[in-house]
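Enquirer: got a predicted model here, sequence first, then my questions.
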Amino acid sequence: MAYLTINNLHKRFDDHVVVHDFNMSIEQGEFVTFLGPSGCGKTTVLRMIAGFETPTSGRICVGGEDITQQAAQKRGIGMVFQSYALFPNMNVTQNIGFGLKMRKCPADDIKRKVAEVIKLVELTGKEGHYPHELSGGQRQRVALARALVVEPRILLLDEPLSALDARIRKNLREQIRDIQRRLGLTTIFVTHDQEEALTMSDRIFVMNQGRVEQEGRAEIVYTEPATEFVARFMGNYNLLGAADTNRLLGLNISGHLAIRPESIHVLDGHSQQDGTLAGTIRQHQLLGNIIRYQIESAGITLQVDRLNRTASDLMPAGTEVRLQISRDDMREVR
(Lines give C-alpha, C1' and ligand atoms only; values in the text may rest on other atoms or scores of the structure.)
Protein backbone atom coordinates (compact mmCIF):
# COMPACT_ATOMS: atom_id res chain seq x y z
CA MET A 1 0.00 0.00 0.00
CA ALA A 2 1.30 3.47 -0.91
CA TYR A 3 2.47 5.70 1.92
CA LEU A 4 0.95 8.95 0.58
CA THR A 5 -2.16 8.82 -1.59
CA ILE A 6 -4.08 11.69 -3.12
CA ASN A 7 -7.49 11.04 -4.70
CA ASN A 8 -9.39 13.45 -6.95
CA LEU A 9 -7.90 16.56 -5.36
CA HIS A 10 -9.56 19.71 -6.62
CA LYS A 11 -8.93 23.35 -5.71
CA ARG A 12 -10.92 26.41 -6.76
CA PHE A 13 -10.27 30.02 -5.86
CA ASP A 14 -13.59 31.84 -6.52
CA ASP A 15 -14.28 31.04 -10.19
CA HIS A 16 -10.73 29.98 -10.99
CA VAL A 17 -9.88 26.26 -10.84
CA VAL A 18 -6.15 25.81 -10.16
CA VAL A 19 -6.04 22.04 -9.52
CA HIS A 20 -8.20 19.56 -11.47
CA ASP A 21 -8.81 16.06 -10.07
CA PHE A 22 -5.19 15.46 -9.06
CA ASN A 23 -4.31 11.83 -8.26
CA MET A 24 -1.03 10.31 -7.11
CA SER A 25 0.51 7.72 -4.82
CA ILE A 26 4.00 7.74 -3.29
CA GLU A 27 5.89 4.96 -1.59
CA GLN A 28 7.68 5.55 1.69
CA GLY A 29 11.19 6.88 1.11
CA GLU A 30 10.49 7.96 -2.47
CA PHE A 31 11.70 11.27 -3.92
CA VAL A 32 9.04 12.72 -6.22
CA THR A 33 9.13 15.99 -8.16
CA PHE A 34 6.28 18.18 -9.35
CA LEU A 35 7.62 19.83 -12.51
CA GLY A 36 5.90 22.53 -14.49
CA PRO A 37 5.74 26.21 -15.40
CA SER A 38 4.67 28.97 -13.01
CA GLY A 39 0.95 28.89 -12.32
CA CYS A 40 0.45 25.21 -13.19
CA GLY A 41 -0.81 24.31 -9.69
CA LYS A 42 2.21 22.45 -8.33
CA THR A 43 2.73 24.69 -5.27
CA THR A 44 -1.01 24.67 -4.54
CA VAL A 45 -0.96 20.86 -4.38
CA LEU A 46 2.05 21.04 -2.06
CA ARG A 47 0.29 23.52 0.24
CA MET A 48 -2.79 21.30 0.39
CA ILE A 49 -0.61 18.35 1.43
CA ALA A 50 1.01 20.53 4.09
CA GLY A 51 -2.35 21.79 5.35
CA PHE A 52 -1.83 25.45 4.40
CA GLU A 53 -4.66 25.29 1.84
CA THR A 54 -7.97 23.44 2.15
CA PRO A 55 -9.03 21.34 -0.86
CA THR A 56 -12.33 22.19 -2.52
CA SER A 57 -12.78 18.42 -2.81
CA GLY A 58 -10.69 15.28 -2.72
CA ARG A 59 -8.79 13.22 -0.17
CA ILE A 60 -5.21 13.10 1.17
CA CYS A 61 -4.04 10.08 3.17
CA VAL A 62 -0.68 9.38 4.84
CA GLY A 63 0.03 5.89 6.12
CA GLY A 64 -3.65 5.00 5.75
CA GLU A 65 -4.76 8.03 7.80
CA ASP A 66 -7.04 10.63 6.22
CA ILE A 67 -5.41 14.02 6.90
CA THR A 68 -7.50 16.11 4.47
CA GLN A 69 -9.07 18.24 7.20
CA GLN A 70 -6.32 17.85 9.81
CA ALA A 71 -4.55 20.95 11.15
CA ALA A 72 -1.15 21.59 9.55
CA GLN A 73 0.77 21.33 12.84
CA LYS A 74 -0.64 17.84 13.48
CA ARG A 75 0.29 16.31 10.12
CA GLY A 76 3.96 15.57 10.82
CA ILE A 77 4.97 17.23 7.56
CA GLY A 78 7.98 19.52 7.15
CA MET A 79 8.15 22.22 4.50
CA VAL A 80 11.03 24.28 3.09
CA PHE A 81 10.17 27.47 1.22
CA GLN A 82 11.94 29.34 -1.57
CA SER A 83 12.19 32.44 0.65
CA TYR A 84 13.91 30.62 3.58
CA ALA A 85 11.42 32.18 6.09
CA LEU A 86 14.05 32.42 8.83
CA PHE A 87 13.66 34.58 11.93
CA PRO A 88 16.14 37.45 11.49
CA ASN A 89 16.52 37.98 15.24
CA MET A 90 17.46 34.34 15.90
CA ASN A 91 20.81 32.69 15.24
CA VAL A 92 21.26 29.36 13.44
CA THR A 93 20.77 27.24 16.56
CA GLN A 94 17.67 29.16 17.63
CA ASN A 95 16.10 29.07 14.15
CA ILE A 96 16.62 25.33 13.83
CA GLY A 97 15.36 24.57 17.32
CA PHE A 98 12.28 26.79 17.12
CA GLY A 99 9.86 24.01 16.14
CA LEU A 100 11.09 21.74 18.93
CA LYS A 101 10.75 24.59 21.43
CA MET A 102 7.14 25.17 20.33
CA ARG A 103 6.51 21.48 20.99
CA LYS A 104 7.89 22.00 24.49
CA CYS A 105 10.61 19.39 24.04
CA PRO A 106 13.13 19.12 26.90
CA ALA A 107 16.07 21.51 26.55
CA ASP A 108 18.63 18.66 26.49
CA ASP A 109 16.72 16.94 23.65
CA ILE A 110 16.58 20.19 21.67
CA LYS A 111 20.30 20.75 22.10
CA ARG A 112 21.14 17.20 21.00
CA LYS A 113 18.82 17.12 18.00
CA VAL A 114 19.87 20.56 16.77
CA ALA A 115 23.55 19.57 17.03
CA GLU A 116 22.87 16.40 15.03
CA VAL A 117 21.05 18.18 12.21
CA ILE A 118 23.61 21.01 12.06
CA LYS A 119 26.24 18.37 11.41
CA LEU A 120 23.99 16.66 8.86
CA VAL A 121 23.60 19.83 6.76
CA GLU A 122 27.27 20.79 7.24
CA LEU A 123 26.77 24.02 9.19
CA THR A 124 29.16 23.23 12.02
CA GLY A 125 30.82 26.46 13.14
CA LYS A 126 27.86 28.61 12.09
CA GLU A 127 25.71 27.93 15.16
CA GLY A 128 25.89 31.49 16.50
CA HIS A 129 25.51 33.28 13.16
CA TYR A 130 22.39 35.24 12.25
CA PRO A 131 20.66 34.97 8.84
CA HIS A 132 22.16 38.22 7.53
CA GLU A 133 25.63 36.81 8.21
CA LEU A 134 25.04 33.73 6.04
CA SER A 135 25.16 33.14 2.29
CA GLY A 136 22.01 32.17 0.40
CA GLY A 137 23.04 28.53 0.33
CA GLN A 138 23.74 28.53 4.07
CA ARG A 139 20.37 30.14 4.82
CA GLN A 140 18.63 27.49 2.75
CA ARG A 141 20.47 24.77 4.67
CA VAL A 142 19.26 26.34 7.94
CA ALA A 143 15.71 26.19 6.57
CA LEU A 144 16.25 22.54 5.57
CA ALA A 145 17.68 21.71 9.00
CA ARG A 146 14.70 23.36 10.71
CA ALA A 147 12.35 21.12 8.72
CA LEU A 148 14.41 17.98 9.38
CA VAL A 149 14.95 18.45 13.12
CA VAL A 150 11.29 17.76 13.93
CA GLU A 151 11.63 14.38 12.19
CA PRO A 152 8.78 14.80 9.68
CA ARG A 153 7.20 11.80 8.07
CA ILE A 154 7.08 13.72 4.76
CA LEU A 155 9.34 16.56 3.57
CA LEU A 156 8.00 19.16 1.11
CA LEU A 157 10.40 21.42 -0.79
CA ASP A 158 8.87 24.38 -2.64
CA GLU A 159 11.42 25.63 -5.23
CA PRO A 160 14.09 25.85 -2.51
CA LEU A 161 16.99 26.41 -4.93
CA SER A 162 15.57 28.91 -7.42
CA ALA A 163 17.06 31.99 -5.73
CA LEU A 164 20.61 30.59 -5.66
CA ASP A 165 23.35 30.86 -8.25
CA ALA A 166 24.11 27.88 -10.49
CA ARG A 167 27.15 26.51 -8.62
CA ILE A 168 25.52 26.67 -5.18
CA ARG A 169 22.28 25.26 -6.57
CA LYS A 170 24.08 22.23 -7.99
CA ASN A 171 25.95 21.54 -4.75
CA LEU A 172 22.87 21.96 -2.59
CA ARG A 173 20.65 19.73 -4.71
CA GLU A 174 23.26 16.96 -4.41
CA GLN A 175 23.34 17.49 -0.66
CA ILE A 176 19.55 17.43 -0.35
CA ARG A 177 19.33 14.18 -2.32
CA ASP A 178 22.10 12.59 -0.25
CA ILE A 179 20.40 13.54 3.03
CA GLN A 180 17.05 12.29 1.75
CA ARG A 181 18.54 8.91 0.82
CA ARG A 182 20.38 8.55 4.14
CA LEU A 183 17.23 9.32 6.14
CA GLY A 184 14.90 7.36 3.85
CA LEU A 185 12.61 10.38 3.94
CA THR A 186 9.52 10.57 1.73
CA THR A 187 10.03 13.81 -0.19
CA ILE A 188 8.12 15.96 -2.69
CA PHE A 189 10.13 18.58 -4.54
CA VAL A 190 8.56 21.40 -6.57
CA THR A 191 10.53 23.01 -9.39
CA HIS A 192 10.22 24.53 -12.86
CA ASP A 193 13.81 23.47 -13.64
CA GLN A 194 14.01 20.35 -15.83
CA GLU A 195 17.63 19.62 -14.90
CA GLU A 196 16.81 19.61 -11.19
CA ALA A 197 13.89 17.27 -11.77
CA LEU A 198 15.87 14.87 -13.95
CA THR A 199 18.90 14.66 -11.64
CA MET A 200 17.09 14.41 -8.31
CA SER A 201 13.88 12.43 -8.80
CA ASP A 202 12.78 8.84 -8.49
CA ARG A 203 9.63 9.91 -10.32
CA ILE A 204 8.45 13.10 -12.00
CA PHE A 205 4.92 14.47 -12.28
CA VAL A 206 4.81 16.97 -15.15
CA MET A 207 1.99 19.44 -14.51
CA ASN A 208 0.16 21.84 -16.79
CA GLN A 209 -2.85 24.00 -15.97
CA GLY A 210 -3.66 22.12 -12.78
CA ARG A 211 -3.44 18.65 -14.31
CA VAL A 212 -0.80 15.93 -14.53
CA GLU A 213 0.32 15.65 -18.15
CA GLN A 214 2.63 12.69 -17.52
CA GLU A 215 4.04 10.75 -14.59
CA GLY A 216 6.96 8.35 -14.51
CA ARG A 217 10.65 7.73 -13.92
CA ALA A 218 12.91 10.56 -15.03
CA GLU A 219 14.42 8.67 -17.95
CA ILE A 220 10.99 7.66 -19.26
CA VAL A 221 9.51 11.15 -19.03
CA TYR A 222 12.53 12.55 -20.88
CA THR A 223 12.90 9.94 -23.60
CA GLU A 224 9.20 9.08 -24.07
CA PRO A 225 7.11 12.27 -23.70
CA ALA A 226 3.40 11.44 -23.82
CA THR A 227 2.12 14.82 -25.00
CA GLU A 228 3.21 17.81 -27.04
CA PHE A 229 3.38 19.90 -23.84
CA VAL A 230 5.75 17.46 -22.13
CA ALA A 231 7.98 17.29 -25.20
CA ARG A 232 8.19 21.09 -25.37
CA PHE A 233 8.74 21.50 -21.64
CA MET A 234 11.21 18.68 -20.99
CA GLY A 235 13.98 19.97 -23.22
CA ASN A 236 14.70 21.08 -26.75
CA TYR A 237 12.76 18.50 -28.70
CA ASN A 238 12.18 18.97 -32.40
CA LEU A 239 8.39 18.85 -32.79
CA LEU A 240 7.12 18.22 -36.29
CA GLY A 241 3.49 18.47 -37.36
CA ALA A 242 1.88 15.86 -39.60
CA ALA A 243 2.66 17.68 -42.87
CA ASP A 244 6.33 18.33 -42.01
CA THR A 245 6.77 14.74 -40.80
CA ASN A 246 5.48 13.43 -44.11
CA ARG A 247 7.62 15.82 -46.17
CA LEU A 248 10.82 15.17 -44.24
CA LEU A 249 10.50 11.48 -43.37
CA GLY A 250 7.64 10.11 -45.46
CA LEU A 251 5.71 9.12 -42.33
CA ASN A 252 1.98 9.58 -41.84
CA ILE A 253 0.99 10.58 -38.31
CA SER A 254 -2.03 12.29 -36.77
CA GLY A 255 -0.35 14.30 -34.00
CA HIS A 256 3.22 15.54 -33.62
CA LEU A 257 6.54 13.75 -33.96
CA ALA A 258 9.09 14.47 -31.22
CA ILE A 259 12.80 13.98 -31.93
CA ARG A 260 15.50 14.72 -29.37
CA PRO A 261 18.28 16.99 -30.70
CA GLU A 262 21.00 14.63 -29.48
CA SER A 263 19.49 11.65 -31.32
CA ILE A 264 20.04 13.19 -34.75
CA HIS A 265 23.43 12.04 -36.06
CA VAL A 266 25.41 14.34 -38.35
CA LEU A 267 27.44 12.69 -41.10
CA ASP A 268 29.75 14.07 -43.74
CA GLY A 269 27.90 15.77 -46.58
CA HIS A 270 29.34 13.26 -49.05
CA SER A 271 28.05 10.24 -47.13
CA GLN A 272 26.21 7.71 -49.30
CA GLN A 273 24.59 5.92 -46.37
CA ASP A 274 21.03 4.82 -47.06
CA GLY A 275 18.21 6.53 -45.20
CA THR A 276 20.06 9.79 -44.55
CA LEU A 277 18.73 13.27 -45.19
CA ALA A 278 20.51 16.15 -46.89
CA GLY A 279 20.94 19.20 -44.66
CA THR A 280 22.63 22.58 -44.45
CA ILE A 281 23.92 24.16 -41.26
CA ARG A 282 22.38 27.61 -40.77
CA GLN A 283 23.81 28.62 -37.39
CA HIS A 284 25.14 27.26 -34.10
CA GLN A 285 25.28 28.02 -30.39
CA LEU A 286 28.16 27.05 -28.12
CA LEU A 287 26.73 25.69 -24.84
CA GLY A 288 29.89 24.53 -23.08
CA ASN A 289 30.18 20.81 -23.69
CA ILE A 290 27.41 20.94 -26.32
CA ILE A 291 27.31 22.59 -29.74
CA ARG A 292 23.70 23.22 -30.77
CA TYR A 293 23.16 23.50 -34.51
CA GLN A 294 20.22 24.75 -36.53
CA ILE A 295 20.20 22.53 -39.61
CA GLU A 296 17.78 22.96 -42.50
CA SER A 297 16.53 19.88 -44.33
CA ALA A 298 13.68 19.83 -46.86
CA GLY A 299 12.80 23.38 -45.83
CA ILE A 300 12.46 22.35 -42.17
CA THR A 301 14.83 23.60 -39.46
CA LEU A 302 15.99 20.96 -37.00
CA GLN A 303 17.87 21.49 -33.77
CA VAL A 304 20.83 19.13 -33.42
CA ASP A 305 23.15 18.72 -30.41
CA ARG A 306 26.70 17.41 -30.69
CA LEU A 307 29.39 16.96 -28.05
CA ASN A 308 31.99 19.72 -28.14
CA ARG A 309 35.20 17.71 -27.99
CA THR A 310 37.65 20.10 -29.68
CA ALA A 311 37.60 23.44 -31.50
CA SER A 312 37.99 21.58 -34.78
CA ASP A 313 34.57 19.95 -34.22
CA LEU A 314 32.80 23.21 -35.01
CA MET A 315 31.08 23.23 -38.41
CA PRO A 316 30.42 26.71 -39.84
CA ALA A 317 27.19 27.98 -41.36
CA GLY A 318 26.72 26.78 -44.91
CA THR A 319 28.29 23.36 -44.35
CA GLU A 320 26.47 20.59 -46.24
CA VAL A 321 25.81 17.51 -44.09
CA ARG A 322 23.78 14.31 -44.05
CA LEU A 323 21.42 13.58 -41.15
CA GLN A 324 20.62 10.15 -39.79
CA ILE A 325 17.59 9.65 -37.53
CA SER A 326 16.70 6.24 -36.14
CA ARG A 327 13.00 5.36 -36.08
CA ASP A 328 13.52 4.20 -32.49
CA ASP A 329 14.45 7.77 -31.54
CA MET A 330 11.18 9.24 -32.84
CA ARG A 331 8.19 9.60 -30.57
CA GLU A 332 4.66 10.35 -31.72
CA VAL A 333 2.84 12.55 -29.19
CA ARG A 334 -0.72 13.76 -28.93
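Expert: Perfect, I can see it now.
Enquirer: would you mind listing the buried residues in the longest helix along the chain?
Expert: If you go by DSSP state H, the chain has its longest helix at helix 166-183. Buried positions in helix 166-183, judged by neighbour count with 16 or more other CB atoms under 10 Å: 168-169, 172-173, 175-177, 179-180. C-beta here means a position set from N, CA and C on the backbone, and glycine is covered the same way.
Enquirer: and those, which is closest to Met207?
Expert: Arg173 (19.7 Å; CB to CB).
Enquirer: turn the buried residues of helix 166-183 into CSV, including pLDDT and distance to Val150.
Expert: CSV is the format used below for those (pLDDT from 0 to 100; distance: CB to CB, whole Å):
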residue, pLDDT, distance to Val150
Ile168, 88, 25
Arg169, 90, 25
Leu172, 92, 20
Arg173, 93, 22
Gln175, 94, 19
Ile176, 94, 17
Arg177, 95, 20
Ile179, 94, 15
Gln180, 96, 16
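Enquirer: hang on, Thr227 packs against Glu332?
Expert: No: look at Thr227 against Glu332 with CB atoms under 8 Å: they stay out of range, at 10.8 Å.
Enquirer: give me the more crowded residue out of these two.
Expert: Thr227 (17 against 13; other CB atoms under 10 Å).
Enquirer: and the pLDDT for that one?
Expert: As predicted, Thr227 sits at a pLDDT of 95.
Enquirer: now do Gly288
Expert: pLDDT, Gly288: 88.
Enquirer: please name the nearest non-neighbouring residue to it.
Expert: Asn308 (7.1 Å; CB to CB, 6 or more residues apart in numbering).
Enquirer: could you do Ser254 as well?
Expert: Ala242 is the one closest to Ser254 (CB to CB, 6+ apart), at 6.5 Å.
Enquirer: residues contacting the one you found?
Expert: 252-256 (CB atoms under 8 Å, 6 or more residues apart in numbering).
Enquirer: which of the residues you listed are buried?
Expert: Members of the contacts of Ala242 classed as buried by 16+ other CB under 10 Å are 253, 256.
Enquirer: closest to Phe81 among the contacts of Ala242?
Expert: Nearest to Phe81 among these: His256, at 37.0 Å, using CB to CB.
Enquirer: now do the contacts for that closest one.
Expert: 228, 231, 239-242, 245, 332-334.
Enquirer: pull out the buried members of these.
Expert: 228, 231, 239-240, 245, 333.
Enquirer: dump those to a markdown table, plus distance to Leu148 and secondary structure.
Expert: Listed next are the buried ones among the contacts of His256 as a markdown table, based on distance: CB to CB, whole Å; DSSP: H, G, I helix; E, B strand; the rest coil:
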| residue | distance to Leu148 | secondary structure |
| --- | --- | --- |
| Glu228 | 39 | helix |
| Ala231 | 36 | helix |
| Leu239 | 41 | strand |
| Leu240 | 47 | strand |
| Thr245 | 50 | helix |
| Val333 | 39 | strand |
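Enquirer: between those, which is nearest Leu144?
Expert: For the buried ones among the contacts of His256, the nearest to Leu144 is Ala231 (33.1 Å; CB to CB).
Enquirer: thought the closest one was touching Val333?
Expert: Yes: contact criterion CB under 8 Å: Ala231 and Val333 qualify, at 5.4 Å.
Enquirer: can you list residues touching both of these two?
Expert: In contact with both Ala231 and Val333: 225, 239, 256, 258, using CB under 8 Å, 6+ apart.
Enquirer: what about the first one, neighbour count?
Expert: For Pro225, the number of neighbouring residues by other CB under 10 Å comes to 25.
Enquirer: could you look up the SS state of it?
Expert: Under DSSP: H, G, I helix; E, B strand; the rest coil, Pro225 falls in the coil class.
Enquirer: where does it fall, phi/psi-wise?
Expert: phi -60, psi 140 (degrees, to the nearest 10).
Enquirer: show me the contacts for the closest residue to it other than its chain neighbours.
Expert: In this structure, Pro225 finds its nearest non-sequential neighbour in Ala231, 3.9 Å apart by CB to CB, 6+ apart. Taking CB under 8 Å, 6+ apart, we find Ala231 in contact with 225, 237, 239, 256, 258, 331, 333.
Enquirer: and if we set it to 7 Å?
Expert: 225, 237, 239, 258, 333 (CB atoms under 7 Å, 6 or more residues apart in numbering).
Enquirer: if I look at it, how far off is Arg260?
Expert: 9 Å (CB to CB, to the nearest Å).
Enquirer: between these two, what contacts are shared?
Expert: Common neighbours of Ala231 and Arg260 (CB under 7 Å, 6+ apart) are Tyr237.
Enquirer: got the phi and psi for the spatially most central residue of the chain?
Expert: In the chain, the residue lying closest to the centroid (CA atoms, centre = their mean) is Ala197, at 2.6 Å. Main-chain dihedrals, Ala197, degrees, to the nearest 10: phi -60, psi -40.
Enquirer: separation between it and Lys42?
Expert: Distance, Ala197 to Lys42, by CB to CB: 11 Å.
Enquirer: much appreciated, bye for now.
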